[in-house]
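Trainee: Show me how the following folds:
(2 chains)
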Amino acid sequence: MRVLIIEDEDSLRQQLSTQLKKQGYAVDEAANGQDGAFLGEEHEYDATIVDIGLPDISGLKVIQQWRNNKRKFPILILTARGRWQEKVEGLEAGADDYLVKPFHYEELIARIKALVRRASGKTNSIINAAPIDLDINSQVVNVSGHHIELTAYEYKTLEYLMMHNDKVISKTELTEHIYDQDFDRDSNTIEVFVGRLRRKLDPDNTYKPIETLRGRGYRFSLPINN
Amino acid sequence: MLSITLRLLISLSLVLTSFLGITAFVLDKAFQKSVKDATQDRLQGYAMALIASAEVRIDGSVYIPDILPIVRFNQSQSGLYAQVTNFKGKILWQSESSNEKVLPKPPNLKNTETLFTIDSIADGELLFNYNYGVSWDVSNRNLGYTINILESLDSYNKETKNFRQTLWLLLGGVALLLLIVQGSLMRWSLKPLRHAALEIESIESGEQSQLQSVYPKELGPLTKNINALIKSNKQHLTRYRNSSSDLAHSLKTPLALLRSASESNDPRYPLEKVVAEQVDQMKKIVDYQLQRASTSGKNPLSKPVNLFSVIHKICNSLDKVYADKKIAANLPMDEELLFFGDESDLFEMLGNVLDNAYKWADSNVQVRIESKPKQLLIHVDDDGPGIDPKLIKKVLERGIRSDERDGTGIGLAVVSEIVQAYDGDINIDKSDMGGCHIGIKLSQNH
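Mentor: Model (predicted):
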């Protein structure tokens, strides 16, 4: 999952970024509204975090601009002012949730996870596609009730595929959503992750959870139950 | 800007001057006309008298006795002259008074025809000129004559002059009287305004706190609003002062705890834990006091706010925030209802109450509004687990105490604080929908 943070306060932005990366997110950062707005226009993020009180363009403007340009990703606004009128303004401009500063990182991460889950149309934090259960909060994967040990990138790949189970995901799209901007990408590694996932989730090759569509990408093929 | 007194004085004086000027002009014209008419009548009378005393001879000449009953005809230069001419224009007779005067030549007139003019004669003197045509039968012939009476304008001019003098004197007197009356009326009418200005001055200097006198009903809205404004300002200031001093004082406890934790190295109070706890505590304090300070409270001049639109906006926002719960918000209310107060306060009250309802509701939230004279009742219900009656008081009066870590924010305490600023009250009890019912009563000026 790839997240954009627009926050002018350097230490807060860097700490947020570190916390999100610890949770397995690919994170892009912008220190002002203009750069942030540009990144949001250029990339397909899974969620964005926008500080309302930016020095150049207000966060509200950035959000409005994105929404006018049909950018649909979920937006969480950060605000130092906790007045309801401002919260409502932010949500009306197109944000999906708000957090009033100061906040706990756990709270922020929980909100981001919920936003990403909601954006993919999932109502529950445990995605069940028998026999696979994926808990996006604890990032635990079980197959037939047994815990499966996955590396961070394997988990990210599986989570993205399961979240978007209704469509074909290209290798490029997968790369973009599991690595952040500065990472030296190599799409061959995706094939490696998918291969390992198949072996771990379905060692006997009975369910075939991940389908390969030649030249187009991958699709999570098991029906999702919730 | 011109003072009200000066405006009234200038405008009333203009009206007065033009009224009196027009009156004088009309009266003068009427007087002149009546004097002229009277002169014409008099001169006609003289002509008739002359005709009565005239005798026409057989040759067509006219005999008029030398001594006439109208004495002024007999006196030289008396200012009243007469002459008789025949149809050929030949002067047949002139009065004694007209000796050595060259009189204008009378016109030829038909029987009983008259002509009345003002003419000047050779020496520049102006005369009323009255001519009367008459025909007499002389040995079976009908001959035409003109009786011409002339009178100098001297007496007319004198009369006019006298009249004008009297007129100006009278009108001047009336104008002076009206000016005095107008001035005192103005002072009397403007007295309440001067009085209000004086009262405001003494409010400024701190001698009194409100406008106390009884004012005429036209000034009622002004003085009432000034009083309400002063009151709301004072309340706002008090709230502001209280919240800033409360803020400073209530931050001292967490600060003291932080300091002692950093200095004592007591293993029972690890610094990390104390910092986390006290930062949370300080955040609550700051939030609560900030909300208190930014509450505007009852302000008599606030623009009315549409209640439905605010509630609708908040519900739309909360629908996003609590998207997973799929709450159905039922808003059975008159969509035109207005709240007379600060929009931001309304957002704050309803935002916190509705957030609470959405947070606890199972799937349904309802907002109802009753509008009564000078009062607004807002009811918010949810179908959640409801609230423990023992906790109600605590939730509303949540001062900032360090032991509150139960996850409920300061929202409802903030609402309670704002409701008080609107001379209202808030109550929490069990809802018919099964959960919690929050009723807010707000007093309204309208």
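
Trainee: Do you have the helices of chain A handy? List them.
Mentor: Taking DSSP state H to define them, one finds helices in chain A at A:10-22, A:33-42, A:59-68, A:84-93, A:105-119, A:152-163, A:171-178, A:188-201.

Trainee: What pLDDT is listed against residue A:117?
Mentor: Residue A:117 is assigned 89 on the pLDDT scale.

Trainee: And residue B:216, by the same measure?
Mentor: pLDDT, residue B:216: 90.

Trainee: wait, is it part of a helix?
Mentor: No - remark: residue B:216 does not belong to a helix; assigned using DSSP: H, G, I helix; E, B strand; the rest coil, it is coil.

Trainee: So what's the residue count around it?
Mentor: Using other CB atoms under 10 Å in any protein chain shown, residue B:216 has 11 neighbouring residues. The way it works is simple: take the backbone N, C-alpha and C, and place the C-beta from them, glycine included.

Trainee: Out of the helices of chain A, the one nearest residue B:81 is which?
Mentor: Nearest of these to residue B:81, taken as CB to CB: helix A:84-93 at 101.3 Å.

Trainee: name the helices or strands packed onto the closest one?
Mentor: Judged by 3 or more CB pairs under 8 Å, 6 or more residues apart in numbering or on different chains; DSSP states H and E, the packing partners of helix A:84-93 are helix A:59-68, strand A:75-79, strand A:97-100, helix B:307-321, helix B:343-360.

Trainee: closest to residue A:200 out of those?
Mentor: Short answer: strand A:75-79, nearest of the helices and strands packed on helix A:84-93 by CB to CB, at 32.3 Å.

Trainee: Parallel or antiparallel, list what pairs with the closest one.
Mentor: If you go by DSSP bridges, strand A:75-79 pairs up with strand A:47-51 (parallel), strand A:97-100 (parallel).

Trainee: Next up, the contacts around the closest residue to chain B within chain A.
Mentor: Relative to chain B, the nearest point of chain A is residue A:84 (2.8 Å; CB to the nearest CB). For residue A:84, the contacting residues are B:314, B:347, B:348, B:350, B:351, B:352, by CB atoms under 8 Å, 6 or more residues apart in numbering or on different chains.

Trainee: where's it relative to residue B:206, distance?
Mentor: 37 Å (CB to CB, to the nearest Å).

Trainee: Domain ranges for the chain, per the record?
Mentor: Unless you meant another one, I'm taking chain A. The record, using automatic domain parsing to delimit domains, assigns chain A the ranges A:2-119, A:126-220.

Trainee: my question was about chain B
Mentor: Domain assignment of chain B by automatic domain parsing yields the ranges B:4-158, B:209-294, B:299-443.

Trainee: Check the ones you listed for me and report the most buried one.
Mentor: Ranked by mean neighbour count under mean count of other CB atoms under 10 Å in any protein chain shown, the domains of chain B are led by domain B:299-443, which reaches a mean of 18.

Trainee: Report how far apart the opening and closing residues of that domain are.
Mentor: 12 Å (CA to CA, to the nearest Å).

Trainee: Give the residue spans of the stretch 301-446 of chain B that score low on pLDDT.
Mentor: B:398-409, B:446 (pLDDT under 70).

Trainee: Can you name the residues of it sitting close to chain A?
Mentor: B:313-314, B:316-317, B:320-321, B:323-324, B:343-344, B:347-348, B:350-352 (CB under 8 Å from any CB of the partner chain).

Trainee: biggest separation within the residues you listed, which pair?
Mentor: B:324 and B:343 (29.7 Å).

Trainee: Just list the residues touching the residue of chain B found nearest chain A, thanks.
Mentor: In chain B, the residue that lies nearest chain A is residue B:351 (2.8 Å; CB to the nearest CB). Counting by CB under 8 Å, 6+ apart, residue B:351 touches A:84, A:85, A:87, A:88, B:314.

Trainee: if we can go back for a sec, mind putting the domains of chain B into a markdown table with distance to residue A:55?
Mentor: A markdown table is the format used below for these (distance: least, CB to CB, whole Å):
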| stretch | distance to residue A:55 |
| --- | --- |
| domain B:4-158 | 51 |
| domain B:209-294 | 22 |
| domain B:299-443 | 24 |
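
Trainee: Ranked by average pLDDT, which of the strands paired with strand A:75-79 falls at the bottom?
Mentor: strand A:97-100 (a mean of 92).

Trainee: gap between that one and the chain center?
Mentor: 17 Å (CA atoms, centre = their mean, to the nearest Å).

Trainee: Counting by contacts, list what the helix or strand containing residue B:413 packs against.
Mentor: Assigned by DSSP states H and E, residue B:413 belongs to helix B:411-421. Helix B:411-421 sits against helix B:271-294, helix B:343-360, helix B:389-396, strand B:425-430, strand B:436-443, with contacts defined as 3+ CB pairs under 8 Å, 6+ apart.

Trainee: Other residues contacting stretch B:112-128?
Mentor: B:36, B:39-40, B:43-44, B:81, B:101-104, B:107, B:109, B:129-134, B:150-153, B:156.

Trainee: now that stretch: mean pLDDT?
Mentor: 87.

Trainee: ok, now stretch A:22-30?
Mentor: Stretch A:22-30 comes out at a mean pLDDT of 91.

Trainee: and chain A, which residues reach chain B?
Mentor: A:82-85, A:87-88, A:91-92, A:95-98, A:100, A:102, A:114, A:118, A:123.

Trainee: shaky segments in chain A?
Mentor: For chain A, the stretches with pLDDT under 70 are A:182-185, A:187, A:226.

Trainee: Please repeat the previous calculation with a cut-off of 80.
Mentor: In the predicted model, chain A carries pLDDT under 80 at residues A:123, A:180-187, A:226.
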